[in-house]
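J.: here is a sequence together with a model predicted from it:
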Amino acid sequence: MTDRRTAVITGASSGIGEACARAFASEGLHVVLGARREAQLAQVADEIVAAGGAATAVPCDVTDAAQVDRLVTAALEATGRLDVMVCNAGLGYNGRLDETDADRMRRLMEVNFFGTFHAARAAVAHFRQAGRGHLFIVSSIVGRKGVPRMAAYAATKFAQVGLGESVRAELAGTGVHVTLVYPISTETEFRRAMVREWGLDVSGAGPRQSPEHVAATMVRALRRPRADVYPMRLSRLVPAASALLPGLADWVATRFSRTPK
Ligand code: NDP
């Protein structure tokens with residue numbers, strides 16, 4: 001077993017997952033990267049290694065539990081340990097409810113929710129045995145407040161939160177930490193992936209942040225575990241505003257919703 005802690009990160013071929021991989025590697029962790037696009041994944045791993053870090057690329061589709069189990073097994077084989085799991089792989093969607101058929105809803109659930117479920121389940125089994133570990137789940141601010149044209153996406157992001165909060169309570173006092181991450185709009189391949197996956201070209205609205213900023217807040221939570229990470233500080237007010245003033249929160253959400261180009 002190596003002295004370096006090991007982190008498995010899903011969706012590490014671009015965006016927040018890639019930035020998180022680089023940041024966690026800079027913290028001295030061996031990062032094991034999972035995603036479907038092999039060339040991009042290998043390039044991220046190669047660049048981390050060239051910069052003096054430790055990284056292993058493992059092609060993986062998170063919708064397939066067996067592939068996620070293989071990702072965890074590959075991490076254990078490469079390093080002998082598993083300390084951190086980052087459930088980050090995800091896919092966006094934009095469309096009114098009446099434009100969203102059940103096949104699209106199922107696909108989103110498979111990637112965003114079941115991808116998280118498979119990875120969290122595989123990791124928590126190891127964490128419980130080891131009596132330590134840290135599970136990160138990358139949800140979204142849309143997992144705290146629904147916005148127009150995002151009913152399907154928001155449903156998957158709320159589902160991640162329900163899972164994460166419940167697991168956190170189950171694991172209280174065991175030495176295993178659970179952190180939920182709620183990014184606002186982030187400059188990643190997220191919108192390009194919606195074009196690739198669904199042929200949907202949408203423009204964003206409202207404030208943006210960089211994936212490196214999100215990753216830096218996750219590094220702080222890695223050093224000092226906390227339940228919730230809101231990379232944009234003010235967005236911490238969203239759940240309270242939504243509970244206390246739902247009409248006003250809906251009006252604000254409408255102003256920040258994405259629309260087709
Ligand atoms: P990107 O599109 O840049 O990254 C998404 C990552 O998920 C890619 O590495 C992609 O890799 C991977 N992925 C997608 N489907 C699968 C799959 N079936 N199996 C394995 N990996 C998969 O977007 P972001 O970095 O922005 O997204 C990361 C997370 O952040 C998502 O959960 C998203 O919902 C969340 N988020 C994003 C926001 C934003 O505005 N960008 C805001 C709030 C939350 P590959 O295609 O190679 O498989």
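T.: In hand now; what should we look at?
J.: center of the protein, which residue is that?
T.: With distances taken as CA atoms, centre = their mean, the residue of the chain nearest its centroid is Asn88 (2.2 Å).
J.: quick one, helices of the stretch 51-200 of the chain?
T.: In the stretch 51-200 of the chain, the helices defined using DSSP state H, counting those that start in this stretch lie at 65-79, 102-108, 115-130, 151-170, 190-198.
J.: quick one, strands of this structure?
T.: All strands of the chain, identified by DSSP state E, fall at 6-10, 30-35, 54-59, 84-87, 133-138, 176-181, 202-203, 228-229, 259-260.
J.: looking at those strands, which is closest to the ligand?
T.: Counting by CB to the nearest ligand atom, the ligand lies closest to strand 30-35 out of these; the figure is 3.6 Å. Every residue, glycine included, has its C-beta placed from N, CA and C.
J.: elements contacting that closest one?
T.: Packing partners of strand 30-35 (3 or more CB pairs under 8 Å, 6 or more residues apart in numbering; DSSP states H and E): strand 6-10, helix 15-26, helix 38-50, strand 54-59, helix 65-79.
J.: list phi and psi for the residue nearest to Ser14 when sequence neighbours are not counted.
T.: Distances taken as CB to CB, 6 or more residues apart in numbering put Glu189 closest to Ser14, at 4.4 Å, once the chain neighbours are dropped. Here is the backbone geometry of Glu189 (degrees, to the nearest 10): phi -80, psi 10.
J.: number of residues surrounding the closest residue to Ala249 other than its chain neighbours?
T.: Among residues not flanking Ala249 along the chain, Ser242 sits closest, at 4.4 Å (CB to CB, 6+ apart). Other residues within reach of Ser242, judged by other CB atoms under 10 Å, total 17.
J.: quick one: name the residues of the protein near the ligand.
T.: 10-17, 35-37, 40, 60-63, 88-91, 111, 138, 140, 183, 185-186, 188-190, 193, 211 (CB under 6 Å from any ligand atom).
J.: derive a ChimeraX selection command for the buried subset of these.
T.: The buried residues among the residues of the chain next to the ligand can be selected in ChimeraX (16 or more other CB atoms under 10 Å) with this line:
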select :10,11,12,13,14,15,16,17,35,40,60,61,62,63,88,89,90,91,111,138,140,183,185,186,188,189,190,193,211
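J.: what's around Thr174, how many residues?
T.: Per other CB under 10 Å, the neighbour tally for Thr174 reads 14.
J.: do I have it right that it meets Arg128?
T.: Yes: here Thr174 lies in contact with Arg128, judged by CB atoms under 8 Å, at a distance of 6.7 Å.
J.: and the gap between the residue of the stretch 51-200 of the chain found nearest the ligand and Gly17?
T.: At 2.2 Å from the ligand, Gly90 is the closest residue in the stretch 51-200 of the chain, using CB to the nearest ligand atom. Counting by CB to CB, to the nearest Å, the gap from Gly90 to Gly17 is 9 Å.
J.: and what of Leu180?
T.: Distance from Leu180 to Gly17, counting by CB to CB: 16 Å.
J.: ok, now Asp3?
T.: Distance of Asp3 to Gly17, given as CB to CB: 25 Å.
J.: what does Thr174 give?
T.: Remark: distance between Thr174 and Gly17 (CB to CB) = 26 Å.
J.: again with Gly206
T.: Distance, Gly206 to Gly17, using CB to CB: 22 Å.
J.: what bridges to Val8?
T.: Beta-bridge pairing of Val8 under DSSP bridges involves Val32, Met85.
J.: wait, what's in contact with it?
T.: By CB atoms under 8 Å, 6 or more residues apart in numbering, the contact set of Val8 is Val31, Val32, Gly34, Leu71, Val72, Ala75, Leu82, Val84, Met85, Val86, Ala119, Ala123.
J.: apply 6 Å and report the result again.
T.: Val8 makes contacts with Val32, Ala75, Met85, as judged by CB atoms under 6 Å, 6 or more residues apart in numbering.
J.: give me the pLDDT value at Asp250.
T.: Asp250 carries a pLDDT value of 88.
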